[in-house]
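In: all I have is the shape, not the residue letters:
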């Protein structure tokens, strides 16, 4: 069985750089840098998360957004480093 997030079809359009180099799938991609809180997203929720952090930015809350390329393997090192930096006391 394959479940496909059809709500993502044509949801957003953007230019895609095609330099022939594949993005690594074994680590997170930092979609936005921030110092206040880390938000981890994956797949279909990424668009919703980016809208939410845009709203938080208006309230002066700087979110770092990490996009998981895969769930297995998961990039624990990047997630823990981000949470350590944004969640400090």
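Out: Ah, there it is. Keep in mind the model is a prediction, meaning the values are calculated, not measured.
In: for the closest residue to residue 30 other than its chain neighbours, helix, strand, or coil?
Out: Using C-beta to C-beta, 6 or more residues apart in numbering and skipping residues adjacent in sequence, the residue nearest residue 30 is residue 66, 6.1 Å away. Every C-beta, even on glycine, is put in place using the N, C-alpha and C of the backbone. Classification of residue 66 by DSSP: H, G, I helix; E, B strand; the rest coil places it in strand.
In: residues in contact with residue 66?
Out: Listed by C-beta atoms under 8 Å, 6 or more residues apart in numbering, the contact partners of residue 66 are 28-31, 38-41, 78-79, 82.
In: can you check residue 22 too?
Out: By C-beta under 8 Å, 6+ apart, no residues touch residue 22.
In: what sits closest to residue 73 if chain neighbours are left out?
Out: Per C-beta to C-beta, 6+ apart, closest to residue 73 is residue 26, 5.5 Å.
In: wait, a strand at that neighbour?
Out: No - counting by three-state DSSP, residue 26 is not part of a strand but coil.
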